[in-house]
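Participant: One predicted model, sequence on top.
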Amino acid sequence: MIVLSNVVHHYGVRPILRGINLTIERGDVVAVVGPNGTGKSTLLGIMGGQLCPQIGQVAIDGLVRRRTIEEEQAIRRVTFFLPDHVWLPGDRSGREYLLSVGRLYGVEEFRLMDHVQRLLELFELEAMADQDLRSYSSGQKKKIALAAALVSEARCLLLDEPFSGGLDPSGILAMKRVLQRHPRRRDMTVVLTSPVPELIEEVASRVVVLKDGRVLVFETVEGIKRLTGGRGSLSDALERLIFPETIDKLDRYFQEERLPEWVD
Ligand SMILES: Nc1ncnc2c1ncn2[C@@H]1O[C@H](COP(=O)(O)OP(=O)(O)OP(=O)(O)O)[C@@H](O)[C@H]1O
């Protein structure tokens with residue numbers, strides 16, 4: 001379970017997050033959505049321990065992030081934070097990297113070897129498995145980063161944009177299926193960001209809508225649809241909830257495209 005209590009964060013003087021309170025239960029897959037620059041990655045970074053909020057705190061399974069060294073170490077053993085842009089050791093092979101992540105998380109050796117092999121197959125990386133990571137394409141690097149999150153067997157996954165970064169349709173399908181299956185069966189907690197409502201609708205049990213530094217709504221996908229009239233897809237609902245002015249802007253844009261009257 002992840003509990004955020006009055007989390008406030010700003011870079012310089014401008015507040016980005018203005019008192020976020022959230023309780024995310026085990027077994028939930030929560031998607032954080034909102035306009036560009038609204039603070040989704042900042043929120044994930046704070047949950048992931050990469051950033052320390054100026055006010056408030058994050059507790060994971062009852063342990064508070066960045067309070068004491070012991071608590072932080074205990075959280076790190078059960079939490080995997082995958083930033084949007086991840087650093088990979090270029091002089092290690094994909095297999096070596098996955099094995100080292102699994103060992104860091106204390107995964108038992110025999111099970112680890114088998115899990116690494118299955119992940120390499122799942123993400124269609126077997127042919128590249130023993131080549132240096134510097135020779136991987138950007139989509140292949142994204143797949144290895146996702147495989148690293150999964151091989152950790154951490155019960156709390158924080159994934160910033162897991163479906164972006166050049167992932168091909170088979171990679172998207174693989175990640176989608178894993179997120180649909182693992183969290184409920186393994187009592188995991190997953191928080192992710194994605195700008196694609198169609199993907200969120202398929203994997204998320206609940207959605208956090210951030211706007212102007214606050215939680216506008218924290219609801220199930222069906223709950224968000226009900227709030228906005230109950231018709232259409234999540235994409236339609238989010239459009240009405242977060243971007244109501246976009247339709248007007250589109251009308252204005254196409255009006256201005258009309259040629260002035262003096263042009264033949
Ligand atoms: N290191 C930083 N220094 C200063 N400002 C920052 C920094 N990181 C982010 N910001 C600002 O904080 C705000 C929130 O950024 P953040 O990346 O969390 O937004 P986001 O919702 O994830 O955006 P996007 O949808 O574009 O990925 C933005 O206005 C951004 O310019």
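Facilitator: Looks like it came in fine.

Participant: which residues in the stretch 101-250 of the chain form strands?
Facilitator: For the stretch 101-250 of the chain, the strands defined by DSSP state E, counting those that start in this stretch occupy 156-160, 189-193, 206-211, 214-220.

Participant: Give me the contact status of the longest one with the ligand.
Facilitator: Translated: strand 214-220. No - applying CB under 6 Å from any ligand atom, one finds strand 214-220 separated from the ligand by no less than 13.1 Å. (Glycine included, C-beta is placed from N, CA and C.)

Participant: how about that strand: buried residues?
Facilitator: Residues of strand 214-220 classed as buried: Val215, Leu216, Val217, Phe218, Glu219 (neighbour count, 16 or more other CB atoms under 10 Å).

Participant: How is the residue lying closest to Ala154 once chain neighbours are set aside assigned, secondary-structure-wise?
Facilitator: Counting by CB to CB, 6 or more residues apart in numbering, Phe80 is the residue found nearest to Ala154 once chain neighbours are left out, at 4.0 Å. Counting by DSSP: H, G, I helix; E, B strand; the rest coil, the backbone at Phe80 sits in strand.

Participant: Next up, the contacts around Phe80.
Facilitator: By CB atoms under 8 Å, 6 or more residues apart in numbering, Phe80 lies in contact with Tyr105, Ala148, Ala149, Ser152, Ala154, Cys156, Leu157, Leu158.

Participant: got a markdown table for those, with distance to Glu198 too?
Facilitator: Converted to a markdown table, these look like this (distance: CB to CB, whole Å):
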| residue | distance to Glu198 |
| --- | --- |
| Tyr105 | 32 |
| Ala148 | 26 |
| Ala149 | 22 |
| Ser152 | 27 |
| Ala154 | 27 |
| Cys156 | 25 |
| Leu157 | 21 |
| Leu158 | 22 |
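
Participant: what packs against the longest helix belonging to the chain?
Facilitator: Identified as the longest helix of the chain according to DSSP state H is helix 169-186. When contacts are defined as 3 or more CB pairs under 8 Å, 6 or more residues apart in numbering; DSSP states H and E, helix 169-186 packs onto helix 138-151, strand 189-193, helix 197-203.

Participant: can we see that at 10 Å?
Facilitator: If you count contacts as 3 or more CB pairs under 10 Å, 6 or more residues apart in numbering; DSSP states H and E, helix 169-186 packs onto strand 29-33, helix 109-122, helix 138-151, strand 156-160, strand 189-193, helix 197-203.

Participant: just the angle between the fifth one and strand 206-211, please?
Facilitator: Same thing as strand 189-193. Using axes from the mean of the first three to the mean of the last three CA atoms, to 10 degrees, the direction of strand 189-193 lies 40 degrees away from that of strand 206-211.

Participant: Check the offset of strand 189-193 from the chain's centre.
Facilitator: Centroid separation between strand 189-193 and its chain, computed with CA atoms, centre = their mean, to the nearest Å, is 5 Å.

Participant: Could you pull up the mean pLDDT of it?
Facilitator: For strand 189-193, mean pLDDT rounds to 96.

Participant: can I get the CA coordinates of it in CSV?
Facilitator: Provided in CSV are the C-alpha atoms of strand 189-193 (Å, rounded to 0.1, in the frame of the first residue of the first chain):
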residue,chain,number,x,y,z
THR,A,189,0.9,-2.3,-6.2
VAL,A,190,1.6,-0.6,-9.6
VAL,A,191,1.5,3.1,-10.3
LEU,A,192,2.2,4.2,-13.9
THR,A,193,1.8,7.2,-16.2
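
Participant: Show me which residues of that strand are buried.
Facilitator: So, applying 16+ other CB under 10 Å, buried residues of strand 189-193: Thr189, Val190, Val191, Leu192, Thr193.

Participant: Include distance to Ala31 when you put those residues into TSV, please.
Facilitator: As requested, the buried residues of strand 189-193 are arranged in TSV below (distance: CB to CB, whole Å):
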residue	distance to Ala31
Thr189	13
Val190	9
Val191	8
Leu192	6
Thr193	7
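
Participant: What are the buried residues along stretch 186-205?
Facilitator: Residues of stretch 186-205 classed as buried by neighbour count (16+ other CB under 10 Å): 188-194, 196-197, 199-201, 203-205.
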